[in-house]
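Novice: Just to be clear, the model below is a prediction. Sequence and coordinates:
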Protein chains: 4
Amino acid sequence: MTQIKVGLVGITGYAGMELVRLLANHPTFTLTMACSRAEAGKQLADYYPFVRNLPAGQVTISQFNVEDAAANCDLVFLAVPAGTAMKMAPQLLAKNVKVIDFSADFRLKVRQTYEDWYAITHEVPNLLEEAVYGLPELYADKIKKASLIANPGCYPTSIILGLYAAFKHQIISTNDIIIDSKSGATGAGRKAQVPTLFSEISDNFRAYGLGRHRHTPEIEQELSALANTELTVQFSPHILPMNRGILSTIYTKLSKDISLAEIHNLFQETWRHSPWVRVLPIGSLPETRFVRGTMFCDLGLVLDHRTKRLIIVSVIDNLCRGAAGQALANANLCFDLSIETGLNSAALV
Amino acid sequence: MTQIKVGLVGITGYAGMELVRLLANHPTFTLTMACSRAEAGKQLADYYPFVRNLPAGQVTISQFNVEDAAANCDLVFLAVPAGTAMKMAPQLLAKNVKVIDFSADFRLKVRQTYEDWYAITHEVPNLLEEAVYGLPELYADKIKKASLIANPGCYPTSIILGLYAAFKHQIISTNDIIIDSKSGATGAGRKAQVPTLFSEISDNFRAYGLGRHRHTPEIEQELSALANTELTVQFSPHILPMNRGILSTIYTKLSKDISLAEIHNLFQETWRHSPWVRVLPIGSLPETRFVRGTMFCDLGLVLDHRTKRLIIVSVIDNLCRGAAGQALANANLCFDLSIETGLNSAALV
Amino acid sequence: MTQIKVGLVGITGYAGMELVRLLANHPTFTLTMACSRAEAGKQLADYYPFVRNLPAGQVTISQFNVEDAAANCDLVFLAVPAGTAMKMAPQLLAKNVKVIDFSADFRLKVRQTYEDWYAITHEVPNLLEEAVYGLPELYADKIKKASLIANPGCYPTSIILGLYAAFKHQIISTNDIIIDSKSGATGAGRKAQVPTLFSEISDNFRAYGLGRHRHTPEIEQELSALANTELTVQFSPHILPMNRGILSTIYTKLSKDISLAEIHNLFQETWRHSPWVRVLPIGSLPETRFVRGTMFCDLGLVLDHRTKRLIIVSVIDNLCRGAAGQALANANLCFDLSIETGLNSAALV
Amino acid sequence: MTQIKVGLVGITGYAGMELVRLLANHPTFTLTMACSRAEAGKQLADYYPFVRNLPAGQVTISQFNVEDAAANCDLVFLAVPAGTAMKMAPQLLAKNVKVIDFSADFRLKVRQTYEDWYAITHEVPNLLEEAVYGLPELYADKIKKASLIANPGCYPTSIILGLYAAFKHQIISTNDIIIDSKSGATGAGRKAQVPTLFSEISDNFRAYGLGRHRHTPEIEQELSALANTELTVQFSPHILPMNRGILSTIYTKLSKDISLAEIHNLFQETWRHSPWVRVLPIGSLPETRFVRGTMFCDLGLVLDHRTKRLIIVSVIDNLCRGAAGQALANANLCFDLSIETGLNSAALV
């Protein structure tokens, strides 16, 4: 098959690292450009020893330049900070290069919401309308036609997939949702800072950003769309002493009288044609290890008869499903490849 | 000071192990008896290399026998399974040996509740009234006079201390409490079983027992007493890839209009004379490492103005504050020692 | 391509688990039989949630039976204990089913050595000659023609690949080799036992089996063959608080005057056509994470001018290269597939 | 007892953090000064939440100033980088303040060796003679009279204590010693840098600095003194995915015909009066967890009859015995306190 040329801007973070890993196994996409200001000039295999003797290993790291990108890439993945992506994306789009952005710059439809939560002035608000939110189970049709894809955040991915069936079948109240999420430490990024040193995270557990994490408006935007009403959620992230994985424990109130067996059926029915969303048997709860390195989102359901709450436990790999793998699934859709291309590994347990 | 002789039945679990550690540093209690059916005959230092060259190391492990216990002990700690403690405790009490029981056998005041949740017939229900719930900040006066102390569960300890001030000052609703707790793996015990092997827990995270964990009735009994009304909670435990520590994220609804500063003041005021309960400054959240190996319970407070929820984050060491250390504090009270005797270490960060 | 049918006896251990993972991605081999006495009757996806929605997930776990194996399998992988494999292999071979054995039963050429180190009487010593030691870089030609393959031990794999080039070019002394190996905890197996519980391994490090580990004779047999002389090694295993990976630090004495640059060239030359053995640039040392889940063996070289020692650091994934992946590479060779089929993933960093 | 006033310069590293922990439990030393350029002005409890509600928590962090130090301290611990300690120590000594230096600035007796390995010009070489190497089991008499104590490195501590008895009784060859050491990640310091981020260390293992680690000349200086001959060692450090602990596997060649039982007796005899050095029974090997947070050095002995090598496995806590605890033991000696004051905790298993 003809190779499709893709570039990556921002190789030094964990999401970029994961994309490099996944591209090494992709049959159709060839990494032709890898950009990093700090590491420009090195071969990728010298920066990332794990790609030595693999095709991507011989790419020379370069500084980002839109002319080079246009000459060498059909699509560019942006794994750069919020605020930087909004500068690069328009340049690439102007050259007819498709863009999949890992940052939040194009996820929020309402400019003011972005500016309130991110404290950054949006420079290209006109693109907010055009950008497609890249959650493939919900928006595959739009993704296929998109030039600019806002790749979802890791927490929102776990939460939206967890709640989708419940909203679709209108079985839960929209005004009493509490989401207690726990993420592996790769979610905190690869910047050198004391709070994410090994000896600060290992054998330790803590919450952070309670009531003010930036994924909150993204979660609310997408859930409001599913619920057909503006809703507010309580979202509480925590950081786990492990590398990968997000588990979200989602507390909801049932809005109708329905048994767990019926709920389970609705969930299974909803996801019947989505092989990556696995509704576990009643009595089983998901574990992060069983999705490690994959696109799977595993869901467990518990109905507490004492409190009338439906608890949904949703698990993903934050780097694969929550970032680079989902970006690659979106890229597959953009180029009319089967969505699963290069993404059907079993979990590394 | 005259030494007080104490015994421990059940040395092979993590709570027993922690008690051995703490007794090695205690100036007044001497370990005179250490019982284990499986390990009887060995010296304690051969079973637990960490006590070699320390006083307790030379104790010979024995089988439990009430005559020996009466001859050698002023007090016995029972670190045995639920169902076994209720057999041993009456024998010891009959010999005028004080008992501090780590199991749930004497924690629940209502026999039927115990039998429903533990599926064990209670053999000495008459002792349920007599037993004192050993949470020293709440019940020090009763503990000082008690012969039989039901040492609290680890999760309940973190939760009751977290919520106490809120109930005392009647600032939260009693019917909408969700507790999302996360515990280190020592909480799962030291029995040989596949689900707690290193490679099943490491780099993994999961929930368990949602809606049916046995600490639920204990939490509800104690919170109901504080709230002066029967209440039901949503309690969700999870297991962390680390050894020690519990963090409970407690979601409450405010029942009155009150600012975070006012709430913080109420909490500080409530715990002013309890040096082990530390109310962190507004803006700070607790971490399990900062209480490791100690009696501290660190509390962080967040008020989310968008949702009107007060979130209380409560952190303890599950083995020290949540089991052996709390038992030792209770023993200190029983023998009129200062409650802090042997228990004032700083956390091993 | 026509599917080749393979069976696995012994699914419950980590090596079997890893083989299930790898088969899920293999384009030609189909898992048609999965045997376990304890779990017979379940669907594989119910025992291993990570294969739900993948082809292998629907296999029903069965008890081993040679008739069924012969009817359903072209090849059977034996992931059973030493002593059991020697009973199953002859039955399968008699039915013309190829066998790849993960145990030590067919690795040692000298029956007495096996019986001395394993304390098991060998029941089919005649097969020792016939069995091929399945290290593909060294014995691919024999493996292609073999019916019975003794899959190498994990430690020996890391050590033999580490030392091969040095022996081939006769640059080291044969009588002064010290190998200090460190393995992830999956190497200790998946049996329920206290010493491998999470809280015994986590945040802990220890040596074990010094001077008497059963991989010693296997290492010595293979190195003696390379060195063309009987040699003895000092082999010291340790257990790491992590899941996967072996790092062997190998201390050798140079037998000739040669520079590090020359040694590095010899190593690179030796492995030029073996893409899975990666000789790192001078100054780089390997890390276990960079081979996680892969067939790679990364080698780092250090020459200490003060002591005249060449230190070789060799790193593999103990479950993939050290067990299931290597077995699959051998199976590829047995059926004339490209050796890399299904095995070319980049490391899950 | 009269309190002795001590200061700490360099609170932000792990060794300083550990000293703060240990001082919180010390009955005689009061922390009166805590210095850090970056954190000056804060209360110690705000920087280190684990000391809230403990005496040291109310110390205000200050910038180092020799006048203040002299006014407030009888002794100052320097937990600052090599090169900085040599500037501060002479100032303090001139004011009659005792100094215990955690850096390497005063450990090496030969100025040139220091300058070769550390690439720093020594500014006060005259103090090299005066400084006492603070390994209390070997040099207690000198330590008691010293004003300037060079606190040993963590690796050297584990190695010198491991080999001392063997040299004392002249049972090993001096020219064939290989030391393979593995350290917890706190040993790499608390500086913000990518290679020590959680997700770079966790679930990973690697060697570093082979043949050129700066502790090599310190090890050689001290072992040469014990052996009464200049010797060279092979020293290989590795970094473990855990916080605390060093395990050194030390390979030696016996220089005489002697049984393991005899060797074991010699070791036991040697350390009979040193309660912190524990010679384990034959057949037992030490584990880092059993010394966590303590001054213990646990030794295991293996004699391999096949190779005639005596393998000594030595385990310490790198932060307590390998840094802050040893410093405190030295301080105890300096002020004629019992060496064990404040240091007799059992390990936090």
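Specialist: Sure thing, it's come through.

Novice: How is chain A divided into domains?
Specialist: What the record gives for chain A is the domain set A:4-130, A:155-317, from automatic domain parsing.

Novice: Does the first one reach chain B?
Specialist: No - Domain A:4-130 stays out of contact with chain B when judged by C-beta under 8 Å from any C-beta of the partner chain, the minimum separation being 11.9 Å. For glycine as for every other residue, the C-beta is placed from the backbone atoms N, C-alpha and C.

Novice: Quick one: mean pLDDT over that domain.
Specialist: For domain A:4-130, mean pLDDT is 97.

Novice: List the buried residues of the helix or strand harbouring A:Ala69.
Specialist: Per DSSP states H and E, A:Ala69 falls inside helix A:66-72. For helix A:66-72, the neighbour count (16 or more other C-beta atoms under 10 Å in any protein chain shown) marks A:Ala69, A:Ala70, A:Asn72 as buried.

Novice: returning to what we had before: need the domains of chain A in TSV with distance to B:Val277, can you?
Specialist: Below are these laid out as TSV (distance: least, C-beta to C-beta, whole Å):
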stretch	distance to B:Val277
domain A:4-130	34
domain A:155-317	18
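
Novice: among the ones you listed, which is nearest C:Phe335?
Specialist: Taking C-beta to C-beta, domain A:4-130 is the member of the domains of chain A nearest to C:Phe335, at 21.9 Å.

Novice: when you scan that closest one, is anything in it near chain D?
Specialist: Yes - Domain A:4-130 lies within reach of chain D by C-beta under 8 Å from any C-beta, at A:Tyr14.

Novice: A:Gly342: what's it in contact with?
Specialist: Going by C-beta atoms under 8 Å, 6 or more residues apart in numbering or on different chains, A:Gly342 touches A:Leu22, A:Leu23, A:Asn25, A:His26, A:Pro27, A:Thr28, A:Phe29, A:Leu328, A:Asn332.

Novice: Which residues belonging to the helix or strand in which A:Leu128 is found are considered buried?
Specialist: Element membership for A:Leu128 (DSSP H and E) is helix A:126-130. For helix A:126-130, burial by neighbour count (16+ other C-beta under 10 Å) applies to A:Leu127, A:Leu128.

Novice: Following the chain past it, name the next helix or strand.
Specialist: Remark: after helix A:126-130, the chain's next helix or strand is strand A:132-133, criterion DSSP H and E.

Novice: what about the residue lying closest to A:Gly209 once chain neighbours are set aside, how many residues close to it?
Specialist: Using C-beta to C-beta, 6 or more residues apart in numbering or on different chains and skipping the chain neighbours, the partner closest in space to A:Gly209 is A:Pro237 (5.6 Å). Using other C-beta atoms under 10 Å in any protein chain shown, A:Pro237 is surrounded by 22 other residues.

Novice: For the stretch 101-250 of chain A, which residue gets nearest to chain C?
Specialist: Using C-beta to the nearest C-beta, the closest approach of the stretch 101-250 of chain A to chain C is made by A:Asp203 at 5.6 Å.

Novice: hang on, that residue in a strand?
Specialist: No - A:Asp203 is assigned coil when assessed by DSSP: H, G, I helix; E, B strand; the rest coil, not a strand.

Novice: Report pLDDT for the residue nearest to it when sequence neighbours are not counted.
Specialist: Leaving aside its sequence neighbours, A:Asp203 sits nearest to B:Met242 (C-beta to C-beta, 6+ apart; 4.7 Å). pLDDT, B:Met242: 98.

Novice: quick one: contacts for B:Met242?
Specialist: With C-beta under 8 Å, 6+ apart, B:Met242 has these contacts: A:Ser202, A:Asp203, A:Asn204, A:Phe205, A:Pro241, B:Gly184, B:Ala185, B:Thr288, C:Ser202, C:Asp203.

Novice: Correct me if wrong: the second one contacts D:Pro241.
Specialist: This points to A:Asp203. No - look at A:Asp203 against D:Pro241 with C-beta atoms under 8 Å: they stay out of range, at 10.7 Å.

Novice: Show the contacting residues for A:Tyr208.
Specialist: So A:Tyr208 contacts A:Pro237, A:His238, A:Ile239, B:Leu285 (C-beta under 8 Å, 6+ apart).

Novice: cool, A:Phe198 as well?
Specialist: D:Ala185, D:Thr196, D:Leu197, D:Phe198, D:Glu200, D:Ile201, D:Ser202, D:Pro241, D:Asn243.

Novice: could I get those residues as TSV with secondary structure?
Specialist: As requested, the contacts of A:Phe198 are exported to TSV (three-state DSSP):
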residue	secondary structure
D:Ala185	helix
D:Thr196	helix
D:Leu197	strand
D:Phe198	helix
D:Glu200	helix
D:Ile201	helix
D:Ser202	coil
D:Pro241	coil
D:Asn243	coil
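
Novice: Name the nearest of the residues you listed relative to C:Gly209.
Specialist: When the contacts of A:Phe198 are compared against C:Gly209 (criterion: C-beta to C-beta), the nearest one is D:Pro241, at 21.4 Å.

Novice: How many residues are close by the closest one?
Specialist: Neighbours of D:Pro241 using other C-beta under 10 Å come to 27.

Novice: Most distant residue from the centre of chain A?
Specialist: Largest separation from the mean C-alpha position in chain A: A:Arg306, at 34.6 Å (C-alpha atoms, centre = their mean).

Novice: Once you drop chain neighbours, what's closest to it?
Specialist: Closest to A:Arg306 by C-beta to C-beta, 6+ apart is B:Thr232, at 5.6 Å.

Novice: Read off the pLDDT value for the one you found.
Specialist: 97.

Novice: Tell me if I'm right that it and B:Thr174 touch.
Specialist: No - contact criterion C-beta under 8 Å: B:Thr232 and B:Thr174 do not qualify, at 9.2 Å.

Novice: Neighbour count for the two, which is higher?
Specialist: Using other C-beta under 10 Å, the more surrounded residue of B:Thr232 and B:Thr174 is B:Thr174, with 21 against 17.

Novice: all strands of the stretch 151-300 of chain A, in order?
Specialist: A:177-183, A:206-207, A:233-239, A:246-253, A:277-279, A:297-304 (DSSP state E, counting those that start in this stretch).

Novice: quick check, the shortest one touching chain B?
Specialist: Right, the one you point to is strand A:206-207. Yes - under the criterion of C-beta under 8 Å from any C-beta, chain B is reached by strand A:206-207 at A:Arg206, A:Ala207.

Novice: counting contacts, what elements does that strand pack onto?
Specialist: Here strand A:206-207 touches strand A:233-239, strand B:246-253, going by 3 or more C-beta pairs under 8 Å, 6 or more residues apart in numbering or on different chains; DSSP states H and E.

Novice: Near the closest residue to A:Ala82 other than its chain neighbours, how many residues? Count them for me, please.
Specialist: Of all residues not flanking A:Ala82 in the chain, A:Ser103 sits nearest, at 4.5 Å (C-beta to C-beta, 6+ apart). Residue crowding around A:Ser103 was assessed by other C-beta under 10 Å; the count is 23.

Novice: Which elements pack onto the biggest helix by length in chain A?
Specialist: In chain A, taking DSSP state H as the definition, the longest helix is helix A:154-168. The contact analysis (3+ C-beta pairs under 8 Å, 6+ apart) places helix A:154-168 against helix A:136-145, strand A:177-183, helix A:215-227, strand A:233-239, strand A:246-253, helix A:260-270, strand A:297-304, strand A:309-316.

Novice: can you put the ones you listed in TSV and add distance to C:Glu130?
Specialist: Formatted as TSV, the helices and strands packed on helix A:154-168 follow (distance: least, C-beta to C-beta, whole Å):
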stretch	distance to C:Glu130
helix A:136-145	52
strand A:177-183	52
helix A:215-227	60
strand A:233-239	55
strand A:246-253	50
helix A:260-270	51
strand A:297-304	45
strand A:309-316	47
